[in-house]
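>>> coords please:
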Amino acid sequence: MPLDHSRVVRDVATRLPAAATATEACQATVAALGRHVPGRIAVLIRVHDRLRCVAATGSWQVFSSVPPGVGVVGRVYAAGKTESVPDVTRDPDYVPLRPDVLAETCVPLLDPAGRPIGVLDLEWTGEVDLDAWRDTAERVAGQLGARIAQLGGAPAESRSEKLLRHAAALTAAPTEPDLLTAAVQAARDVSGLSSAVFLLDGPAGPSVVTPDVVPDDLEARVHAALAGAGREVLERLRAHAHRYGASYTLGEGDHPPTADQDLLVGAGVQTLISVPVGPTELCGVLLVGDSRRLRPDPTTVNLVELLAAQSWICLDRLRGLARLRERASSDPLTGLRHQGSFGERIADLKPGRTALLAVDVDDFKTVNDTYGHQAGDRVLVDLARALQTALRHGDELYRIGGDEFVAVVEVLRPEEAAGIAERLVEAARRTGRTVSVGVALRRDGESPDLTLHRADEALYLVKRQGRDGVGVAAG
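Predicted coordinates:
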């Protein structure tokens with residue numbers, strides 16, 4: 001018996017009025033269609049930046065979310081036009097989940113203004129009259145779109161979906177400031193509160209971190225209050241969170257806060273969630289608050305705890321990578337940048353403005369031969385510190401060999417480079433050692449390697465003339 005398409009539409013129309021939410025409306029539509037469609041049915045709604053599956057049937061596994069523009073459903077959503085695909089194996093965008101699917105009909109769900117909010121997708125496993133079903137699917141999609149509009153629009157992003165999205169953003173953050181900015185935004189979004197502040201451990205104890213403060217808002221007032229509170233208050237707030245765990249306010253005005261919390265109340269905080277961040281020995285705390293008197297529930301606090309844990313994992317990873325990069329670009333003995341980073345730096349030498357100062361320790365082999373390599377290492381460390389101190393702010397010092405250093409300096413006049421070299425010689429003498437220095441200013445059209453070669457030649461001329469001095473390469 002041929003299928004009565006009008007009955008399909010009536011079945012959906014009968015079920016939709018009982019739906020109390022947009023999600024229930026989608027589920028009712030899928031259930032009604034499931035009685036007539038030999039295949040897979042799914043409704044996907046745009047939630048934030050993805051098409052999320054709200055209801056489905058007819059497959060062992062479904063895609064929970066799809067980026068807009070991916071697959072046939074993404075193509076239909078982007079174009080806002082129905083498509084029928086008679087042979088899915090010939091469509092390059094088709095994404096299979098069932099191996100027996102033959103054809104597909106996908107219809108956009110539209111809001112009252114005609115804008116796509118999602119799709120109704122039907123996949124067929126047997127012979128089907130696609131033209132008849134196209135008309136039926138469009139009528140059903142029209143009913144569903146209208147009911148979703150009556151119920152207030154597409155379902156909002158759930159808090160767990162928000163947390164998932166923010167976790168991905170935290171993982172992708174390239175720098176610590178980017179990460180903390182993303183974490184503050186995530187804390188506000190997931191909690192529904194208006195402000196978030198981190199107290200993170202540093203060399204001088206816990207410090208207040210608010211990456212994107214807007215002047216005169218609650219976050220700015222909390223930041224100012226905490227920054228002016230002194231280390232002891234911050235230590236107590238942090239220690240309390242790590243000793244006792246997360247806490248939140250019930251918003252009951254007749255129960256006074258503790259003295260430390262009173263500081264936050266004075267800044268305008270009426271609702272507060274406090275969550276520990278990181279391990280106890282490197283501990284911090286995340287304070288999420290609002291100027292409204294609200295009543296966070298335990299689930300909200302749990303989500304903020306998960307967010308704090310993810311933030312710490314990402315922060316620890318970034319700091320670990322920074323330490324590895326520092327080790328990779330620094331000489332482990334002196335802490336100076338070494339040969340690899342020096343090669344990158346001299347690639348940017350400015351003709352007539354950048355000078356290379358090649359520095360060699362006089363009679364260094366004698367130190368190693370007479371007193372041993374440990375004594376030689378101490379000499380190099382002392383000299384590195386002295387030479388760095390003698391340079392100006394912005395000048396750079398590299399260790400490029402055993403007892404060989406190179407300073408890269410920017411100058412306005414050639415004689416300025418010679419004066420800096422003289423300071424290096426004087427600094428070495430104060431350590432009880434001497435150095436020879438060769439100076440070369442990069443010429444127009446000259447390679448950085450040739451500039452360094454000329455500085456080395458000037459240095460060896462100083463060596464031949466008795467050491468402990470400065471030689472300037474001919475300009």
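>>> Got phi/psi on the nearest residue to residue 194 once chain neighbours are set aside?
Of all residues not flanking residue 194 in the chain, residue 290 sits nearest, at 4.9 Å (C-beta to C-beta, 6 or more residues apart in numbering). Just so you know, the C-beta spots here come from the backbone N, C-alpha and C atoms, and that holds for glycine as well. Main-chain dihedrals, residue 290, degrees, to the nearest 10: phi -150, psi 150.
>>> Next: the one 10 residues further on.
Dihedral pair for residue 300: phi -60, psi -40, per degrees, to the nearest 10.
>>> And for it, the neighbour number?
Using other C-beta atoms under 10 Å, residue 300 has 19 neighbouring residues.
>>> List the contacts of it.
159, 190-192, 248, 273 (C-beta atoms under 8 Å, 6 or more residues apart in numbering).
>>> Can I have the buried ones of those as a ChimeraX selection?
Buried residues among the contacts of residue 300 (16 or more other C-beta atoms under 10 Å), as a ChimeraX selection:
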select :159,190,191,248,273
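>>> re the thing from before, measure the residue nearest to residue 194 to residue 159 for me?
Relative to residue 159, residue 290 is positioned 16 Å away (C-beta to C-beta, to the nearest Å).
>>> quick revisit: mind putting the contacts of residue 300 into a markdown table with secondary structure and pLDDT?
Converted to a markdown table, the contacts of residue 300 look like this (DSSP: H, G, I helix; E, B strand; the rest coil; pLDDT from 0 to 100):
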| residue | secondary structure | pLDDT |
| --- | --- | --- |
| 159 | helix | 85 |
| 190 | helix | 93 |
| 191 | helix | 93 |
| 192 | coil | 92 |
| 248 | strand | 89 |
| 273 | strand | 93 |
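>>> Name the residue closest to the centre of the protein, please.
residue 173 (1.1 Å; C-alpha atoms, centre = their mean).
>>> What pLDDT is listed against that one?
Looking at residue 173, its pLDDT is 91.
>>> Please tell me how far it sits from residue 207.
19 Å.
>>> Let's verify the nearest residue to residue 436 once chain neighbours are set aside: helix, strand, or coil?
In this structure, residue 436 finds its nearest non-sequential neighbour in residue 462, 4.2 Å apart by C-beta to C-beta, 6+ apart. Three-state call for residue 462 (DSSP: H, G, I helix; E, B strand; the rest coil): helix.
>>> do the same with residue 208
strand.
>>> That one: what's it in contact with?
197-199, 223, 226-227, 234.
>>> pLDDT score assigned to it?
On pLDDT, residue 208 comes in at 80.
>>> Residue 33: neighbour count?
22.
>>> List the buried residues of whichever strand or helix holds it.
Using DSSP states H and E, residue 33 sits in helix 22-34. By neighbour count on 16+ other C-beta under 10 Å, the buried set for helix 22-34 is 22-30, 32-34.
>>> Tell me the one of those nearest residue 168?
residue 23 (23.3 Å; C-beta to C-beta).
>>> which residue sits closest to that closest one, ignoring its sequence neighbours?
Residue 23's closest residue in space is residue 155 (C-beta to C-beta, 6+ apart), at 5.1 Å.
>>> With residue 52 instead?
residue 65 (4.7 Å).
>>> One more: residue 335?
Residue 335's closest residue in space is residue 384 (C-beta to C-beta, 6+ apart), at 7.3 Å.
>>> residue contacts, the one you found?
334-336, 397, 399, 405.
>>> residue boundaries of the strands in the stretch 51-200 of the chain?
In the stretch 51-200 of the chain, the strands defined using DSSP state E, counting those that start in this stretch lie at 65-66, 83-85, 103-110, 116-124, 195-202.
>>> Dump the ones you listed into a markdown table; add mean neighbour count, distance to residue 178 and mean pLDDT as well.
Compiled in a markdown table, the strands of the stretch 51-200 of the chain are given as follows (neighbours: other C-beta atoms under 10 Å; distance: least, C-beta to C-beta, whole Å; pLDDT from 0 to 100):
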| stretch | mean neighbour count | distance to residue 178 | mean pLDDT |
| --- | --- | --- | --- |
| strand 65-66 | 17 | 24 | 86 |
| strand 83-85 | 19 | 40 | 95 |
| strand 103-110 | 24 | 36 | 95 |
| strand 116-124 | 25 | 32 | 95 |
| strand 195-202 | 22 | 14 | 85 |
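>>> Confirm that residue 443 sits in a strand.
No: counting by three-state DSSP, residue 443 falls outside a strand, being coil.
>>> correct me, but residue 197 touches residue 275?
No: the criterion here is C-beta atoms under 8 Å, and residue 197 misses it with residue 275 at 11.4 Å.
>>> Return every residue with contacts to both of those two.
286, 288.
>>> How many neighbouring residues does the residue lying closest to residue 176 once chain neighbours are set aside have?
Excluding the flanking residues, the one nearest residue 176 by C-beta to C-beta, 6+ apart is residue 318, at 5.4 Å. Neighbourhood size, residue 318 [other C-beta under 10 Å]: 17.
>>> Spit out the contact partners of residue 318.
Going by C-beta under 8 Å, 6+ apart, residue 318 touches 173, 175-176, 179.
>>> Please name the bridge partners of residue 273.
residue 248, residue 288 (DSSP bridges).
>>> gap between it and residue 188?
Applying C-beta to C-beta to residue 273 and residue 188 gives a distance of 11 Å.
>>> Between the two, which contacts overlap?
With C-beta under 8 Å, 6+ apart, residue 273 and residue 188 have common neighbours residue 288.
>>> I'd like the distance between the residue nearest to residue 436 and residue 361.
13 Å.
>>> who has more neighbours, those two?
residue 462 (24 against 21).
>>> give the contact list for that one.
Neighbours of residue 462 in contact, by C-beta under 8 Å, 6+ apart: 436-438, 469-471.
>>> Same question for residue 295.
249-251, 271.
>>> Mind doing that once more with 6 Å?
By C-beta atoms under 6 Å, 6 or more residues apart in numbering, the contact list for residue 295 reads residue 251.
>>> you'd agree it is in a helix?
No: when classified by three-state DSSP, residue 295 is found to be coil rather than part of a helix.
>>> now it: how far from residue 222?
Distance, residue 295 to residue 222, using C-beta to C-beta: 20 Å.
>>> Over to the residue nearest to the centre of the chain: give its phi and psi.
phi -60, psi 130.
>>> Count the residues that sit near residue 223.
18.
>>> surely it meets residue 210?
Yes: Residue 223 lies in contact with residue 210 (C-beta atoms under 6 Å); the separation is 4.6 Å.
>>> quick one: contacts of stretch 112-127?
37-46, 73, 76-77, 80, 100-109, 111, 137, 141, 149, 154.
>>> Try it again at 7 Å.
Residues from elsewhere that reach stretch 112-127 (C-beta atoms under 7 Å, 6 or more residues apart in numbering): 37-46, 51, 73, 76-77, 80, 98, 100-111, 133, 137, 140-141, 144, 148-149, 154.
>>> pLDDT weak spots in the protein?
1-2, 202-206, 212-216, 280-282, 323-331, 337-344, 475 (pLDDT under 70).
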